[in-house]
Structures are given as structure tokens and as C-alpha cells.
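> just the structure for this:
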Amino acid sequence: MDIKAVKHLRRFKDIVKTLFKYGFDDVVERLDFPGKELLRKIHKVHPEMSTWERMRHTLEDLGPTFIKFGQLMSLRPDLIPNPLVLELRKLQDEVAPVDYEAIRRVVEKNLSRPLAEIFSSFEEKPLAAASLAQVHQAVLRDGGQMVAVKIQRPKIRPVIETDLYILELIAGQLHERTEWGQIYDLPNLVQEVKKSLFRELDFTREARHMKIFANTLTETGEVYIPRLYEEVITPQVLTMELVQGTKLRDLKVDAVADRELLAKRGLRLTVKQILEDGFFHADPHPGNLIILDDNVICLLDWGMVGRLTRRTRYDLIDMINAVVDRDSEKILSILLNMTQVDGSIVPRGMEREILDIVDIYHSLPIQELNIGQLLLDISTMLRENRLKVPADLAIMIKALITAEGTARQLYPQLNVVEEAKPYVRKLALERWKPETIWRELRRNISGLLTFQKELPLQLSQIIGKIDRGELSIRFQHENLGGIRSTLENIANRLTLGIIVAALIVASSMIITTGVKPLLFGFPALGIVGYLVSGVLGLWLIYNILRSRKF
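The predicted model follows:
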């Protein structure tokens, strides 16, 4: 354990105690932590809970960073088992609010003015308090607008930095020492969470997201994005219009007057973001949707978004068409282009698995087809074959599943394919527009010209290194552990065989000399040599027979 880790020893201790508390001894066993054996006495197994429930409670007990880690992982059903995804969605991000005086100091420090100069009124009791921030209702002094002020919890960044450092250490050790740590690529998961968390801690980024979506989504009049107040926005303070409405999660389905219209609007909203804009809300669950008059949908919480390149969106359209045609070879080709290969794969086996998945969905009536679930099944198959799905693509699948599920709760007869068709058609037509083709052609030509210019210099550098004897080739062996072990066994047996042979020869020579002391009329040293060589020879024969390699 390095010096930096020793600095955080108390937090390490809290984490280990919590792991013991919920019965995760096997995880602790694989961690380097001085004194961990002394903490075993607080070990409490909860037999009434499933493993997944114990994992959720562990994260809740460990605080904000771990809660956020769990929530972000719940957006990655391609990476973790579905029962764990369902359990992580229950994570409670409601915590005791920070006292008003501490919040006032954060606001005044960030805005460089007394709070009373900015707001004519400011509610001391928050509307909501979460692990990273809390929201207060206020009225702006300039203009008198009623606003919602999102304020970052004081000193939350150092806490998160410490926890992330410890998470990185734990992930690295589990990756080295467990098979499941390698399968789920824990270090990479922690890095993704780290990036997402630090992005969420910058409220100016969330404000930029809101402005982008306001420009692309509100033209139809079906969607509303709260107005921002730029002069009262900093990395730790976000001020926006206070929207009055009802959260979708609080609506009783039977009380919704036009469930079909609302379901279609909600689904179209997500599909448009994904296919048309390539920039989408990462977690459109019912708690982030407010229903206004005339079934207008207001979206909240823009801290986490996903992005899809135009190339990825074209690949999605191609894959959907290939699914319709049952063209498993084309689906496999598209998937290999979209994913990051990790280790060797067996395409033939994957093609068979793809056909199995496609056949399941081909048998369904079109109105029951769930595009998000289809994509999730494919991404799960990729994970099982050690292929990594890009994070934004995985988050898109989760967003689509959430949108489809919410829409079907409102209106079970909803035909997802019909609602998505206009956007699929529009993207397909855009792809073959002359300007799109010309843009792709220019990009390819530009790349070729750059390559042509750089190639002579790169070749010259390589030849120069060869002339100077500086060229080195690095290689990494994979899966040679078995060969090394076999060679070691051969060498050991050969050495032992030589020793046995030498003992027999030496003992035979001694026997002929008649040297004293004698045993049964023969030199004792020769007899001992025979006995030792006999024992070693029998042991060698036994090992060869037991290994069945002869």
C-alpha cells in the first residue's frame, strides 16, 4: 500500500467494515489492506437478502460516490447482470439536507455577492436533497422570477476524489486476482464512472446541455426545457426556471386523460434525440419527466447525456435492416465495427448466437417488438464474447429501454416500430443526400492526402532507425502459461531421471569395490544408493502415470 493509500486508511477501514457487514468476505480476501483480519468480528451476513440486495445496501452505506457508482452502473445493462441492474435502480439518492448556513456560504462564495442581493426570497428548506446537490426554491431580485437553485453540497469534491482513488485501487486488485474482475473490466468501469461524476460536478456543463436541447427539441411545442438564468450560474450553482407540473412517476396511469398521446410523445422525444440529433438525455425515467398543460413534457436533470456519431447512427439503421432480413453475417460485421475487440473471438459461434436472438424477435407481432430489448440482448451477447460496447452506445440502449417501458406503461398497445419509422426513414434518406456523400468523400480524400504526405517521412524514420540499429520490436505473449508450466515439468523430470541414473551407476561401482562397512556382505553405501535411487525412480514413475501424459 503506497503513501497516498495510507493517508486514506480510515476510509479504507470503513469500506472493509461495510463489506464484512454484508458478507462480502471473498472480496476483502483479495484486497491488500493492513489489519483487515481485525475487522472480521463485525462480520454480519444477512441471509434474508439476496446477493444483489446486499450489494445495493453496501453502496448505500458507503455514501455519495458509491451510490452514484451504482446508479451509473444501472445505466449499463450490457455490463452487469439484469437482476443487479433492477436492484441498483432502487438506490436511494435522498440524503439529509445540508443546513441552510452552509448552503448560503456556497452560493455567496460562488456568486461573489451576499445572497440577499441576488434573491428577494430564498427558501431555507430544500425542495429536494441528493448526494451531490440540493435544490432550493427562490425568487430573483432582478425580475421577480420564481426559480429553482441547484447547489452543490459543500466539500463534496474531496470526498469523491478520495473514494474514487480507493475504488481505482480496489478495481485494479480485483481485476488482477479474480476472473469476474477481468470479465467486467473493473478498472475501465471505474474510469467511466470517474469521468461521469466529474462532469456532473460541473453545473455549467449541465447548463450547456440544456441550451443545446432547447434549440433542437422545443420547436414542435411538445417539449419544454426550463429557462436558464446565466448570471446566476457557476460550476457549483445552477439557477433555472421553477416549472410547475406533475412528475410522471407521481401520475396515476388511469388518471391520464390522453395516455396514447402522452406515450407517443415521450417515445418520439427519445427516438428523435437518438437518431436525428445524436445527442440524448441519458436517463429519461419518470422521475425526470414533468407533465405540463396540454400534455407538454418537461425534461429535468441534464447532468448526464450521451452522444452518437453520425457513423454510429448509420450503423444502427443498417443493423435494424439486417435484423429484418435475418442477415446474421451483416449484423456481425456491423457489430465488430462498432465495438472494441478484447481478445480473440470466434465469429462463427457469434453468428449462430445472433441468429438465435434474431429468431426470437422475428416470431413476435410487430406491435410487440421492443427495439431497446433487442439491442440489449445483442450487447449482452457481445459482452459474453469479450467484446466491449462503447459507453455511449450502451447508455443509448438503456435510455431507449427506459423510454419504451415508460411509454408502454401508459399505453400497452403502443407500436414502437411505427413511432420510430419516420426518424429511421429520415436518417436513411439523409445518408444518401448528395451533400452527405460529398462530405464523406472529402473526409476520405483528406485522410488519404494526409497519409500520402506523412508516409515518406515515416518510412524515412523507420529506415534511419534500422541503419542506426535502433529499431526494436516489442511483442507480448498470450496464453503461454501452460507451455511454460509444461517445459518446467519436463525439465524437472529429466533432471530427476538423470539423478536416479547417476545414483544407480555410482552404487553399482561402489558394490564392486567391497569397501567397508558391509551390509549383508555388500558395501552399505552402495545399498543405500540403490534404495534412494529406487524410491526416487518409483516416485517419478508414479507422477508420470498419474499425469496420464506418457
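
> hey, let's count contacts and neighbours off CA atoms from now on
OK.

> point out where the stretch 301-450 of the chain drops to low pLDDT.
340-348 (pLDDT under 70).

> the chain too?
1-7, 32-46, 92-94, 253-257, 340-348, 474-486, 546-550.

> where along the stretch 201-350 of the chain do the helices fall?
203-217, 259-271, 310-324, 328-338, 347-362 (DSSP state H, counting those that start in this stretch).

> which of these is buried the deepest?
Mean neighbours per residue, mean count of other C-alpha atoms under 10 Å, is largest over these for helix 259-271, with a mean of 20.

> which neighbouring elements make contact with that helix?
helix 391-410, helix 416-431 (3 or more C-alpha pairs under 8 Å, 6 or more residues apart in numbering; DSSP states H and E).

> save those as CSV, and put in distance to residue 379 too.
CSV is the format used below for the helices and strands packed on helix 259-271 (distance: least, C-alpha to C-alpha, whole Å):
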stretch, distance to residue 379
helix 391-410, 8
helix 416-431, 20
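
> and of these, who's closest to residue 443?
helix 416-431 (14.8 Å; C-alpha to C-alpha).

> what angle sits between whichever helix or strand comes after that closest one and helix 416-431?
Later in the chain than helix 416-431, the nearest helix or strand by DSSP states H and E is helix 434-468. Interaxial angle of helix 434-468 relative to helix 416-431 (axes from the mean of the first three to the mean of the last three C-alpha atoms, to 10 degrees): 70 degrees.

> what distance separates helix 434-468 from the centre of its chain?
34 Å (C-alpha atoms, centre = their mean, to the nearest Å).

> can you start the count at 788 instead of 1 from here on
All right, first residue 788 from here; so that's helix 1221-1255.

> so what's residue 1019 up against?
Contact partners of residue 1019, counting by C-alpha atoms under 8 Å, 6 or more residues apart in numbering, are 898, 1025-1026.

> can you pick the most crowded of the residues you listed?
For the contacts of residue 1019, the largest neighbour count, defined by other C-alpha atoms under 10 Å, is 26 neighbours, found at residue 1026.

> chain neighbours aside, what residue packs nearest to that one?
Excluding the flanking residues, the one nearest residue 1026 by C-alpha to C-alpha, 6 or more residues apart in numbering is residue 936, at 4.5 Å.

> so which elements touch the strand or helix carrying the one you found?
Element membership of residue 936, judged by DSSP H and E, is strand 933-939. With contacts taken as 3+ C-alpha pairs under 8 Å, 6+ apart, strand 933-939 sits against helix 887-898, strand 920-927, strand 1024-1028.

> and the contacts of that strand?
Here strand 933-939 has contacts from 890, 893-894, 919-927, 988, 1023-1029, using C-alpha under 8 Å, 6+ apart.

> 6 Å - rerun?
919-926, 1023-1029 (C-alpha atoms under 6 Å, 6 or more residues apart in numbering).

> can you check stretch 1284-1304 too?
For stretch 1284-1304, using C-alpha under 6 Å, 6+ apart, the contacting residues are 1310-1311, 1313, 1316, 1320.

> just the ones of those in helices?
1311, 1313, 1316, 1320 (DSSP state H).

> still on that earlier bit, possible to save the contacts of stretch 1284-1304 as CSV with distance to residue 1294 and neighbour count?
Shown next, in CSV, are the contacts of stretch 1284-1304 (distance: C-alpha to C-alpha, whole Å; neighbours: other C-alpha atoms under 10 Å):
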residue, distance to residue 1294, neighbour count
1310, 9, 19
1311, 10, 19
1313, 4, 24
1316, 5, 20
1320, 9, 22
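
> with respect to residue 907, which of those residues is nearest?
residue 1320 (98.5 Å).

> residues contacting that closest one?
Counted by C-alpha under 6 Å, 6+ apart, residue 1320 has contacts 1287, 1290.

> neighbours of the closest residue to residue 1076 other than its chain neighbours, how many?
Excluding the flanking residues, the one nearest residue 1076 by C-alpha to C-alpha, 6+ apart is residue 1086, at 5.0 Å. Using other C-alpha under 10 Å, residue 1086 has 22 neighbouring residues.

> right, and residue 1086 touches residue 1078 too?
No. Residue 1086 sits out of contact with residue 1078 when judged by C-alpha atoms under 6 Å, with a separation of 9.0 Å.

> give me the neighbour count for residue 1035.
For residue 1035, using other C-alpha under 10 Å, the count is 21.

> got the contact list for it?
1073, 1076-1077.

> would TSV of the residues you listed with neighbour count be doable?
Shown next, in TSV, are the contacts of residue 1035 (neighbours: other C-alpha atoms under 10 Å):
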residue	neighbour count
1073	18
1076	19
1077	22
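
> just the closest of those residues to residue 976, please.
residue 1073 (26.0 Å).

> and the helices and strands packed on helix 1046-1058: which comes nearest residue 952?
Nearest to residue 952, of these and by C-alpha to C-alpha, is helix 1178-1197 at 21.3 Å.

> give me the helices and strands touching that closest one, please.
On a contact count with 3 or more C-alpha pairs under 6 Å, 6 or more residues apart in numbering; DSSP states H and E, helix 1178-1197 meets helix 1046-1058, helix 1158-1171.

> got the domain ranges for this structure?
What automatic domain parsing lists as the domains of the chain is 881-1029, 1035-1219, 1222-1256, 1268-1334.

> mind listing what residue 1167 touches?
By C-alpha under 6 Å, 6+ apart, the neighbours of residue 1167 are residue 865.

> quick check: it vs residue 1239, distance?
Per C-alpha to C-alpha, to the nearest Å, residue 1167 is found 40 Å from residue 1239.

> can you check residue 1279 too?
Taking C-alpha to C-alpha, one finds residue 1279 at 56 Å from residue 1239.

> mind telling me what element the residue most central in space within the chain is part of?
By C-alpha atoms, centre = their mean, the chain has its centre lying nearest to residue 976, at 4.2 Å. Residue 976 belongs to helix 973-987 when elements are defined using DSSP H and E.

> how about residue 864?
Counting by DSSP H and E, residue 864 is part of no helix or strand.

> and it, backbone torsions?
phi -70, psi -10 (degrees, to the nearest 10).

> which SSE is the nearest residue to it once chain neighbours are set aside in?
Computed as C-alpha to C-alpha, 6+ apart, the closest residue to residue 864 that is not its neighbour in sequence is residue 872, at 6.2 Å. Per DSSP H and E: residue 872 is located in helix 869-875.

> just the buried residues of that helix, please?
For helix 869-875, burial by neighbour count (16 or more other C-alpha atoms under 10 Å) applies to 871-872, 874-875.

> tell me what it is packed against?
Packed next to helix 869-875, using 3+ C-alpha pairs under 6 Å, 6+ apart, is no helix or strand.

> which residues sit against it?
839, 843, 857, 861.

> list the contacts for the second one?
By C-alpha under 6 Å, 6+ apart, the contact list for residue 843 reads residue 875.

> any idea how far residue 1227 is from it?
In terms of C-alpha to C-alpha, residue 843 sits 47 Å off from residue 1227.

> swap in the last one?
For residue 861, the distance to residue 1227 equals 36 Å [C-alpha to C-alpha].

> neighbour count for those two, which is higher?
More neighbours surround residue 861 than the other of residue 861 and residue 1227, with 24 against 13 (other C-alpha under 10 Å).

> now that one: closest residue in space that isn't a chain neighbour?
Residue 861 sits nearest to residue 872 (C-alpha to C-alpha, 6+ apart), 4.8 Å away.
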